[in-house]
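> just to be clear, the model below is a prediction. Sequence and coordinates:
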Amino acid sequence: MKTFEYRLYMNKDQARSLMACLVESRHIYNAMLERVKQQYEEQGTFPSKYALEHAFQGHGHEHVPATTVQMLADRLSKSLQRFLAAKQNTLAGIGFPRFKTPNRWHSISLRQYGKDVSVHEDQKYLIVPKKLGHFLKIKMHRKLEGTPKTVHLVYRADGHWYAVIVCETDPHTQHAPPSCTHPAIGIDVGLKSFLTDSQGHTVENPRFYRTSQRTLRRKQRTMCRRKKGSHRRRKAAKNVAKTHLKIHRQRRDHHFKTAKSYAEGYQHIVVEDLQISTMLKNHHLSKSIMDASWGAFLAILSAKAASAGHEVTRVNPRFTSQKCHQCGEIVQKSLSVRTHICPFCGYVADRDVNAAQNILSKAGAQPSDGKHPDGDASLRSPRL
């Protein structure tokens with residue numbers, strides 16, 4: 001599956017229709033959740049997705065399309081399934097579905113592409129149900145790939161609407177892996193530098209959240225001075241949300257640009273299988289770890305590598321930083337020690353480079369010759 005996001009341009013009447021649908025769909029979802037809780041208290045069971053669809057058929061009235069009501073039932077049903085599965089497996093972090101407040105509800109789902117929603121043949125309009133404005137002007141800055149399945153109309157913090165089109169793509173590669181001549185590489189993610197590879201190349205950690213903290217602090221103080229429920233407080237809250245949206249977009253752009261060069265330039269990419277949720281319990285480092293967002297980067301790297309016909313392998317991170325890559329002896333060192341100096345064989349290297357080399361060795365892959373296959377210098381100083 002692959003998603004494509006395009007900005008929508010609409011008139012005032014269309015914007016009002018979309019906002020009315022957004023508000024009403026949230027009320028319907030909360031009513032469905034109330035029905036679920038009531039049945040559980042009375043009978044000890046949860047209603048099925050089809051029972052919710054039948055019970056709320058026609059509740060959309062003049063604002064919410066019928067397929068959106070069906071998608072609401074499907075969304076709540078999947079939330080309940082995730083909750084029950086997590087409860088059975090004693091997983092933390094997944095709780096019972098909550099009632100949605102306005103700041104937690106930002107999208108309208110349309111189920112069937114081609115029937116409920118489609119792109120006009122001139123690629124300038126998104127055709128949606130008449131309850132939502134019918135013809136919405138869209139800017140298709142890139143072509144769709146695969147078969148479109150569903151569409152989500154998303155209202156962002158910048159005050160604009162976006163169409164997120166989910167497409168089903170066939171698995172394809174740029175070349176066959178057996179005939180691939182690209183080398184292998186190990187990658188160690190960190191905080192001092194965003195990542196270090198086994199060739200000695202580093203990518204600086206941009207720290208987008210840290211650099212925007214002063215701006216956020218000023219805007220949040222302004223918001224706190226406003227009276228609760230007032231128009232000025234809502235306006236200040238939107239200003240704070242826009243800053244968070246900018247940070248998110250900066251971080252995501254950096255992840256994609258960094259992952260692209262590695263995914264296309266190396267056949268076998270080896271990374272650590274980190275338990276990030278456990279690492280976040282260290283409150284001295286949790287903010288920096290969340291700012292780096294390793295999990296999102298590794299997911300993007302895996303997807304891009306698969307698209308290029310390459311492979312990402314995760315290995316156990318145990319002793320990758322303490323073990324000497326040259327002789328295999330354990331050299332204990334604290335996190336503040338940034339240089340690996342082996343007293344047994346005399347091997348001296350940067351701590352992160354030594355770790356990246358150990359990561360590559362754990363997967364049993366053959367190291368590269370130290371040069372990027374395409375001669376890409378962006379690995380040393382990425383464009384931020």
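Received the coordinates, thanks. Predicted, not measured: the structure shown is a model, and the values here were computed from it. Numbers count the residues shown, from 1 in each chain.

> secondary structure element for Q38?
Q38 is part of helix 12-43 when elements are defined by DSSP states H and E.

> and the helix or strand that that helix is followed by, what other elements does it pack with?
Later in the chain than helix 12-43, the nearest helix or strand by DSSP H and E is helix 49-55. Helix 49-55 is packed against helix 12-43, helix 66-88, with contacts defined by 3 or more C-beta pairs under 8 Å, 6 or more residues apart in numbering; DSSP states H and E. All C-beta atoms are positioned from the backbone trio N, CA, C, and that covers glycine.

> just to revisit the earlier point, so which bits of the helix holding Q38 are buried?
Under the neighbour-count criterion of 16 or more other C-beta atoms under 10 Å, helix 12-43 has 14-15, 17-18, 21-22, 24-26, 28-33, 35-36 buried.

> just the mean pLDDT for that helix, thanks.
For helix 12-43, mean pLDDT rounds to 94.

> just want the angle from it to helix 66-88.
40 degrees (axes from the mean of the first three to the mean of the last three C-alpha atoms, to 10 degrees).

> so where's this protein uncertain?
For the chain, applying pLDDT under 70 flags the ranges 91-93, 171-179, 365-384.

> so the residue most central in space within it is in which element?
Centroid-nearest residue in the chain: A296, 5.4 Å away (criterion: C-alpha atoms, centre = their mean). Assigned by DSSP H and E, A296 falls within helix 294-307.

> which helices and strands does that helix pack with?
strand 184-189, helix 231-265, strand 268-272, strand 311-315.

> report the buried residues of that helix.
Buried-residue list, helix 294-307, by 16+ other C-beta under 10 Å: W294, F297, L298, I300, L301, S302, K304, A305, S307.

> same question for stretch 214-234.
Those would be K219, T222, M223, R233, for stretch 214-234 by 16+ other C-beta under 10 Å.

> now do the same end-to-end measure for that stretch.
End-to-end distance of stretch 214-234 (C-alpha to C-alpha, to the nearest Å): 21 Å.

> got a list of what S77 touches?
Contact partners of S77, counting by C-beta atoms under 8 Å, 6 or more residues apart in numbering, are S48, K49, L52.

> between these, which is nearest K2?
K49 (25.6 Å; C-beta to C-beta).

> where do the helices of the stretch 101-250 of the chain begin and end?
Assigned by DSSP state H, counting those that start in this stretch, the stretch 101-250 of the chain shows helices spanning 208-211, 213-225, 231-265.

> neighbours around the closest residue to H152 other than its chain neighbours, how many?
Spatial nearest neighbour of H152, excluding adjacent residues (C-beta to C-beta, 6 or more residues apart in numbering): V164 at 4.4 Å. Using other C-beta atoms under 10 Å, V164 has 15 other residues around it.

> and if you look at the one 3 residues further on?
For C167, the count of nearby residues is 16 (other C-beta under 10 Å).

> ok, and what's touching stretch 101-112?
Here stretch 101-112 makes contact (C-beta under 8 Å, 6+ apart) with 18, 21-23, 25-26, 29, 65, 67-68, 70-72, 75, 98, 116-117, 128-129, 132, 150-156, 164, 237.

> buried subset of those residues, written for ChimeraX?
Provided next is the ChimeraX selection string for whichever of these are buried by 16+ other C-beta under 10 Å:
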select :18,21,22,25,26,29,65,67,68,70,71,72,116,117,128,129,132,150,151,152,153,154,155,156,237
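
> including distance to R7, could the helices and strands packed on helix 294-307 go into a markdown table?
Putting the helices and strands packed on helix 294-307 into a markdown table (distance: least, C-beta to C-beta, whole Å) gives the following:
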| stretch | distance to R7 |
| --- | --- |
| strand 184-189 | 32 |
| helix 231-265 | 13 |
| strand 268-272 | 33 |
| strand 311-315 | 31 |
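
> residue contacts, the residue nearest to H152?
V164 neighbours (C-beta under 8 Å, 6+ apart): T3, F4, E5, S107, V151, H152, L153, V154.
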